[in-house]
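Colleague: Model the structure of this input:
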Amino acid sequence: QNLGPSSLPLHYFSTSSYSTSSFPSLSLPFLAPQPRAMKEPTHLDPKEDFGITAGMTGQQATQLIKSRDASANVQVLPQGLPVTRDYRLERVRVFVDAAGKVVGVPRRG
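Modeller: Numbering: from 1, shown residues only. Have a look, this model is predicted:
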């Protein structure tokens, strides 16, 4: 499916309702924004389960995750810390409790 600019419908915006004597009437083509395709790296599996890290320290979990995928961006964060909601396949967030032990299952995104 071609989503290039030539395949998008043109919408025309007329300035005639805003024009005054100093501004002539003008019709301009307006290109609707096209959706951005998310590039997914082929070496990452977003559904990969890191459940075996439960009870490990954050550092041990990081080592295990990095051994499976050296390019993973592993973030060790305190449990309950507010995080951004953007989705990044290369990122793995590991949440730890006050003792530094992994809580929950680290997931990509």
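Colleague: can you give me phi and psi for residue 84?
Modeller: Here is the backbone geometry of residue 84 (degrees, to the nearest 10): phi -70, psi 160.
Colleague: what sits against it?
Modeller: By Cβ atoms under 8 Å, 6 or more residues apart in numbering, no residues touch residue 84. Where C-beta positions appear, they are placed from N, C-alpha and C, glycine not excepted.
Colleague: Let me see the ranges of the strands in the chain.
Modeller: Secondary structure of the chain (DSSP state E): strands at 10-14, 27-31, 73-78, 91-96, 107-108.
Colleague: The closest residue to residue 105 other than its chain neighbours: neighbour count?
Modeller: Nearest residue to residue 105, sequence neighbours excluded (Cβ to Cβ, 6 or more residues apart in numbering): residue 51, at 4.8 Å. A total of 10 residues lie near residue 51 under the criterion other Cβ atoms under 10 Å.
Colleague: do the same with the one 5 residues further on
Modeller: Residue 56 is surrounded by 19 other residues when neighbours are defined as other Cβ under 10 Å.
Colleague: and what of residue 96?
Modeller: 21.
Colleague: beta partners for it?
Modeller: In this entry, residue 96 is beta-bridged to residue 78, residue 102, by DSSP bridges.
Colleague: on that earlier part again, in terms of mean pLDDT, which of the strands of the chain ranks lowest?
Modeller: For those, the bottom mean pLDDT is recorded on strand 10-14, which sits at a mean of 50.
Colleague: State the pLDDT value of residue 54.
Modeller: Residue 54 is given a pLDDT of 85.
Colleague: can I assume it is in contact with residue 102?
Modeller: Yes - with contact defined as Cβ atoms under 8 Å, residue 54 reaches residue 102; the gap is 5.7 Å.
Colleague: Poorly predicted segments of the protein, please.
Modeller: 1-48 (pLDDT under 70).
Colleague: can you give me the helices in it?
Modeller: 58-68 (DSSP state H).
Colleague: Might one say that residue 104 is in contact with residue 95?
Modeller: Yes - if you go by Cβ under 8 Å, residue 104 and residue 95 touch, sitting 5.4 Å apart.
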